[in-house]
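Enquirer: Next come a sequence and a model predicted from it.
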Amino acid sequence: MASAARSATRAFLRSTPATSSFRPAARSARFALPQGFRASARRGYASEAGEKKGGSGGIFALAFAVAGGAGAYFYLNGESTKGPFVPTKEDYQKVYDEIAYRLANETDYDDGSYGPVLVRLAWHASGTYDKETGTGGSNGATMRFAPESDHGANAGLKHARDFLEPVKAKFPWITYSDLWTLAGSAAIQELGGPVIPWRPGREDKDVAACTPDGRLPDASKDHRHIRDVFNRMGFDDREMVALIGAHALGRAHTDRSGFEGPWDFSPTVFSNEFFRLLVEEKWNQRKWNGPAQFTDKTTSTLMMLPTDIALVKDKGFKQHVERYAKDSDAFFKEFAEVYVKLLENGVPFTVKPEDRFVFKTSE
Ligand code: HEM
């Protein structure tokens with residue numbers, strides 16, 4: 001059933017014109033992944049995987065220290081004489097498949113998918129990068145630890161980290177840093193977005209590598225703040241706009257950021273709707289007892305953050321917003337390139353860029 005829903009979503013996306021101008025009434029927030037199996041129907045899964053993890057954690061840690069390098073790992077489940085396990089592309093595809101499977105089945109969450117929050121986890125793990133000092137970035141997965149996990153910007157990302165724990169338990173050889181970024185790529189693909197080529201090679205670091213608070217953007221600020229933060233990571237105007245187009249996915253939560261609502265009518269489908277609505281809709285300041293945010297004049301059900309509105313107030317940004325609003329293909333292509341860059345900033349890869357893996361999306 002979940003698979004049929006995904007096929008329907010893809011057929012829908014393929015039949016949608018590049019300028020993508022479908023109407024609210026035609027779209028439901030649960031469109032992409034209608035209710036499939038419930039989490040409770042698969043209760044055996046996590047505990048089964050958990051047992052494996054618990055039984056060999058110490059030896060795994062030792063094996064890691066010996067093997068080092070890009071994902072080299074010893075599989076010691078009764079095969080201790082076999083030597084280091086070096087994962088291949090097929091092994092990473094299995095991780096991808098497991099994430100895709102969980103996305104299709106764990107639908108009792110938000111608008112029916114954990115995909116958006118996985119995209120956000122990969123972005124917040126990577127968005128701490130500082131090109132001057134080479135610190136931060138996806139290499140390290142230091143958001144596992146306080147204080148980074150407690151930084152205000154990371155509120156709610158525990159849902160994404162917990163969602164991936166059974167995957168880590170099933171594939172203990174993958175580092176958290178590789179897993180979180182692979183999950184971000186998988187989520188984009190599974191939600192109907194472009195292919196996000198990915199390569200392994202990140203290593204987990206300890207709590208000492210946590211980045212200071214304040215490296216991630218503050219949604220209440222203006223265009224200068226967006227440029228300050230994203231220039232620090234090494235992005236230009238065009239790249240910043242493309243990246244923020246990920247707000248086509250998911251929603252804001254009052255108990256996380258304080259903001260509320262989705263940006264468009266299909267928060268579980270990757271599209272250029274964020275840009276189209278930004279340009280075509282009239283956005284009024286919302287009157288409510290919460291932080292300053294904007295709401296659409298037509299339905300008053302959508303929202304934009306002050307930083308989103310800054311993208312149409314600033315000339316340098318606006319030209320790209322208008323281009324992406326009209327040209328979905330350009331957005332998909334440029335988003336894919338810049339999301340790869342985001343997820344790779346500061347990682348000392350041994351795998352060459354031309355050898356990145358292209359994962360097969362689920363049927
Ligand atoms: C100026 C830059 C940005 C700001 C200020 C910003 C701010 C926010 C805020 C306040 C939320 C709501 C969080 C919540 O309450 O759950 C959010 C959600 C989200 N952001 Fe951003 N963001 C920015 C850039 C990005 C980028 C570059 C990406 C990815 C490439 C991204 C992906 C997402 C996604 C997918 C969600 C939805 C998460 C969910 O549904 O749980 N954002 N963002």
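Expert: Received it, and whenever you're ready, just let me know what you need. Numbering: from 1, shown residues only.

Enquirer: Name the nearest residue to residue 262, ignoring sequence neighbours.
Expert: With CB to CB, 6 or more residues apart in numbering as the measure, residue 251 is the residue that lies nearest to residue 262, at 4.1 Å, once sequence neighbours are left out. Bear in mind the C-beta positions are built from the backbone N, C-alpha and C, glycine included.

Enquirer: mind listing what the one you found touches?
Expert: Listed by CB atoms under 8 Å, 6 or more residues apart in numbering, the contact partners of residue 251 are 110-111, 116, 260-263, 267.

Enquirer: again, but for residue 348
Expert: Each residue near residue 348 by CB under 8 Å, 6+ apart is listed here: 139, 201.

Enquirer: Would you mind naming what in the stretch 201-350 of the chain lies close to the ligand?
Expert: Taking CB under 6 Å from any ligand atom as the test, the list of the stretch 201-350 of the chain residues beside the ligand reads 217, 219, 226, 243-244, 246-247, 249-253, 256-257, 259, 305, 307, 339.

Enquirer: Among these, which ones are in strands?
Expert: Using DSSP state E, the members of these that fall in strands are 251-252.

Enquirer: about what we covered before: what pLDDT is listed against the residue nearest to residue 262?
Expert: On pLDDT, residue 251 comes in at 98.

Enquirer: Please tell me how far it sits from residue 148.
Expert: When CB to CB, to the nearest Å is applied, the distance between residue 251 and residue 148 equals 23 Å.

Enquirer: where's residue 113 relative to residue 229, distance?
Expert: Applying CB to CB, one obtains 27 Å for the distance of residue 113 from residue 229.

Enquirer: Who has more neighbours out of these two?
Expert: Between residue 113 and residue 229, residue 113 has the larger neighbour count (other CB atoms under 10 Å), namely 24 against 19.

Enquirer: quick one: the more buried one from residue 154, how far?
Expert: 20 Å.

Enquirer: who's in contact with residue 258?
Expert: Under the criterion of CB under 8 Å, 6+ apart, the contact list for residue 258 reads 290-291.

Enquirer: Can you read off the pLDDT for it?
Expert: pLDDT recorded at residue 258 is 98.

Enquirer: Let me see the contact set for the closest residue to residue 159 other than its chain neighbours.
Expert: On the basis of CB to CB, 6+ apart, the spatially nearest residue to residue 159 that is not a chain neighbour turns out to be residue 117, at 5.4 Å. With contact set as CB under 8 Å, 6+ apart, residue 117 has these partners: 110, 156-157, 159-160, 163, 250.

Enquirer: repeat for residue 128
Expert: With contacts defined as CB under 8 Å, 6+ apart, residue 128 is in contact with 135-137, 148, 211, 215-216.

Enquirer: do that again at 6 Å, thanks
Expert: Shown here is residue 128, whose contacts under the criterion CB atoms under 6 Å, 6 or more residues apart in numbering are 136, 211, 215.

Enquirer: Out of these, grab the one that's most surrounded.
Expert: Within the contacts of residue 128, most neighbours by other CB under 10 Å means residue 136, with 26 neighbours.

Enquirer: That one - nearest residue in space that isn't next to it in sequence?
Expert: Leaving aside its chain neighbours, residue 136 sits nearest to residue 128 (3.4 Å; criterion: CB to CB, 6+ apart).

Enquirer: do you know how far the one you found is from residue 205?
Expert: Taking CB to CB as the measure, residue 128 falls 12 Å from residue 205.

Enquirer: Please identify the helix or strand for residue 298.
Expert: Using DSSP states H and E, residue 298 sits in no helix or strand.

Enquirer: Give me the nearest residue to it, chain neighbours excluded.
Expert: Nearest in space to residue 298, with sequence neighbours left out and distances taken as CB to CB, 6+ apart, is residue 281 at 6.4 Å.

Enquirer: The ligand versus the residue nearest to residue 99 when sequence neighbours are not counted, what's the distance?
Expert: Excluding the flanking residues, the one nearest residue 99 by CB to CB, 6+ apart is residue 186, at 4.5 Å. According to CB to the nearest ligand atom, to the nearest Å, residue 186 stands 13 Å off from the ligand.

Enquirer: Over to residue 277?
Expert: In this structure, residue 277 and the ligand are 15 Å apart, going by CB to the nearest ligand atom.

Enquirer: That residue - how many residues pack around it?
Expert: Every residue meeting other CB under 10 Å relative to residue 277 is counted, giving 22.

Enquirer: Past the helix or strand hosting it, which element shows up next along the chain?
Expert: Under the assignment given by DSSP H and E, the secondary-structure element containing residue 277 is helix 273-280. Towards the C-terminus, the helix or strand next in line after helix 273-280, according to DSSP H and E, is strand 283-285.

Enquirer: Partner strands of the helix or strand that that next one is followed by and their direction?
Expert: Secondary structure here is assigned by DSSP H and E; on that basis, the next helix or strand after strand 283-285 toward the C-terminus is strand 294-296. Each strand that strand 294-296 pairs with, and the sense of that pairing, follows from DSSP bridges: strand 283-285 (antiparallel), strand 303-304 (antiparallel).

Enquirer: Tell me which residues touch the closest residue to the ligand within the chain, please.
Expert: Minimum separation of the chain from the ligand (CB to the nearest ligand atom) falls at residue 250, amounting to 2.2 Å. When the contact criterion is CB under 6 Å, 6+ apart, the partners of residue 250 are 116, 267.
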